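Participant: next comes the sequence, and after it the predicted model I'd like to discuss.
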Amino acid sequence: MPSTDHTRAWPDNVSSYCFEVPYGDETVLFERAEGIRLTDTAGRPYIDSLSGVFVTCFGYSCEPIVDAVTRQLRTLPFNPPLHGTNPAALALTEGLARLAPDGLNTVKLVNGGSEAVEASVRLARYTQRELGHPGRYKVISYYHGYHGATFGSLSLTGRPDVTRFGPGLPGAVHVWSPDMFAAVHGVDAEESGRLAAEAIERTIEAEGPDSVAALVIEPVIHLRGMAIAPDGYLARVREICDRYGVLLVFDEIVTGFGRTGRAFAAQTFGATPDLMCVGKGISGGYAPLAAVLFNDKVAAVLSDGSGTTSFAPSHTYAANPLAAAAGLASVTLFAEGDYLTRNAALADSFTGHLDRALGDRGTLRSVGLLYGAKLRALPHDPEGSAGAAVAAACLERGLILRGQDDWITLAPAFVTTEEETEEICGTLADALDKVYGGRM
């Protein structure tokens, strides 16, 4: 019989699983979870202040979602996708459209954020072609944003480390985000937004407006330490896209489902895109799921004249019953559970505790329940890897957050209690004391 002991290491000459990160003696093997707490195979506890990775917004033991998936598993675990769909998928799309900004009425269900971004690019190029602009194929995105791990979404990511895979998607063009203008030129948020919007307009003109299909941007840029769009910036970008006939795409994989204080960042910042990619919290982490929402302009080119809208190709598991059931339960819980009010109260408490924990070791950035801190440089580390050092010190203490370069990020689950907030921030303060040698 095969061994059922999942805690043992593989023999030195066997490698059966290619990991997301390097595997070694210190690799954590998570075994079970409840609320915002996990336990590994050695019995060691962890507290999760990142919601997995912006996913488990209702925690790891949300009974309404567990029950919905269990019922669906016993009823219809899969349907033939070339021959029909399922009621949960239809109900989920209706729920998503009700949550979305006005005008984003059509929903395409997919499996993950990368696929959602890929689908939005295909939709943008196809829409431009059907509207009589076949030369519009270029897609503009930020340097140092992040849009996924598939080839096309990596091409939009604009980070040097993705070039190890060779040339990216033809037509990918990058511009700097507002926070970079603020850092380089020492200007305030309003001026950085003006400069960044002007750079987008100049880039469209330089590339040739008749060659640009879409602009894909994150309202809050996770991989720049939660760089938040300045007031008025996204509305200015919306106007520029309209003027040049460029479709505006918001990547809300991280920012959706209440993370920024409204259902979506588009509502928080007062600018509605033509297409919006959503994921992560859409299923609460109980199934792989994402979606693209888009307006009537895009939907019109997909209609067959009978009122039916369809867009292929899709992946085998897109809109499958299990994922759709998880998504429907999650979206229903969010819509009916008064989570915007609850999240606002949690954000007030968490922000205060986090600011005190951070002290003079960094500058806090926050919107809703998304937190980033730009950390002060370490004297012995001119390359700026304080983020990784703090994240490692936190993990040693059983606290999960993300740290890289000169930043850390946190995104507490919506069900985090006041006591857990104090525990998270107290542990972070202790980790910061270790890395920086105590407060100054």
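Facilitator: Okay, I see it. Numbers count the residues shown, from 1 in each chain.

Participant: would you state the helices of the stretch 51-200 of the chain in chain order?
Facilitator: Secondary structure of the stretch 51-200 of the chain (DSSP state H, counting those that start in this stretch): helices at 51-54, 63-75, 87-99, 113-130, 151-157, 178-185, 189-207.

Participant: keeping just the C-alphas, turn the second one into CSV.
Facilitator: Okay, so that is helix 63-75. Taking C-alpha atoms only, helix 63-75 is exported to CSV below (Å, rounded to 0.1, in the frame of the first residue of the first chain):
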residue,chain,number,x,y,z
GLU,A,63,-19.5,27.1,6.8
PRO,A,64,-21.8,28.7,4.2
ILE,A,65,-19.2,28.2,1.4
VAL,A,66,-18.2,24.7,2.6
ASP,A,67,-21.9,23.7,2.7
ALA,A,68,-22.5,25.1,-0.8
VAL,A,69,-19.5,23.3,-2.3
THR,A,70,-20.4,20.0,-0.5
ARG,A,71,-24.0,20.1,-1.8
GLN,A,72,-22.8,20.8,-5.3
LEU,A,73,-20.2,18.0,-5.1
ARG,A,74,-23.0,15.6,-4.3
THR,A,75,-25.3,16.9,-7.0
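
Participant: that helix - contacts with which helices or strands?
Facilitator: Using 3 or more C-beta pairs under 8 Å, 6 or more residues apart in numbering; DSSP states H and E, the elements in contact with helix 63-75 are helix 321-336. No exception for glycine: its C-beta is placed from N, CA and C like everyone else's.

Participant: need the next SSE after the helix it packs on, C-terminal direction.
Facilitator: Downstream of helix 321-336, the first helix or strand assigned by DSSP states H and E is helix 339-358.

Participant: pLDDT score assigned to the nearest residue to Trp176 once chain neighbours are set aside?
Facilitator: Of all residues not flanking Trp176 in the chain, Tyr143 sits nearest, at 5.7 Å (C-beta to C-beta, 6 or more residues apart in numbering). If you check Tyr143, the pLDDT there is 95.

Participant: where does the chain have low pLDDT?
Facilitator: 1-15, 307, 382-383, 439-440 (pLDDT under 70).

Participant: outline the domain layout of it.
Facilitator: 65-336, 339-436 (automatic domain parsing).

Participant: sorry, back to before: ok, the residue nearest to Trp176 - how many residues close by?
Facilitator: 14 (other C-beta atoms under 10 Å).

Participant: same deal with Gly359?
Facilitator: By other C-beta under 10 Å, neighbour count at Gly359 equals 15.

Participant: just checking, it touches Asp433?
Facilitator: No: Gly359 is not in contact with Asp433 according to C-beta atoms under 8 Å; the separation is 9.3 Å.

Participant: could you pull out the helices for the stretch 301-440 of the chain?
Facilitator: Using DSSP H, counting those that start in this stretch, helices in the stretch 301-440 of the chain cover 321-336, 339-358, 386-396, 418-436.

Participant: not counting sequence-adjacent ones, nearest residue to Asp274?
Facilitator: Leu247 (4.5 Å).

Participant: kindly report the same for Tyr23.
Facilitator: Tyr23's closest residue in space is Tyr17 (C-beta to C-beta, 6+ apart), at 7.7 Å.

Participant: let's verify that neighbour: helix, strand, or coil?
Facilitator: coil (DSSP: H, G, I helix; E, B strand; the rest coil).

Participant: with Cys277 instead?
Facilitator: strand.

Participant: equivalent analysis for the one 10 residues further on, please.
Facilitator: Using three-state DSSP, the structure places Ala287 in coil.

Participant: pull the contacting residues for it.
Facilitator: Val69, Leu322, Ala323, Ala325, Ala326, Gly327 (C-beta atoms under 8 Å, 6 or more residues apart in numbering).

Participant: and for the third one, the neighbour number?
Facilitator: Other residues within reach of Ala323, judged by other C-beta under 10 Å, total 26.

Participant: what residues are up against it?
Facilitator: Leu109, Asn111, Ser283, Ala287, Pro288, Leu289, Tyr317 are the contacts of Ala323 under C-beta under 8 Å, 6+ apart.

Participant: then the fourth one?
Facilitator: Listed by C-beta under 8 Å, 6+ apart, the contact set of Ala325 reads Ala68, Val69, Arg71, Gln72, Ala88, Ala287.

Participant: okay, those in a markdown table with distance to Gly24 next?
Facilitator: Formatted as a markdown table, the contacts of Ala325 follow (distance: C-beta to C-beta, whole Å):
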| residue | distance to Gly24 |
| --- | --- |
| Ala68 | 38 |
| Val69 | 33 |
| Arg71 | 40 |
| Gln72 | 38 |
| Ala88 | 41 |
| Ala287 | 30 |
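
Participant: can you select the buried ones from those in PyMOL?
Facilitator: Only the buried entries of the contacts of Ala325 go into this PyMOL selection, using 16 or more other C-beta atoms under 10 Å:
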select buried, resi 68+69+72+88+287
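
Participant: now for the contacts of Ala325, which pair is the farthest apart?
Facilitator: Maximum pairwise distance among the contacts of Ala325 (C-beta to C-beta): 13.5 Å, between Arg71 and Ala287.
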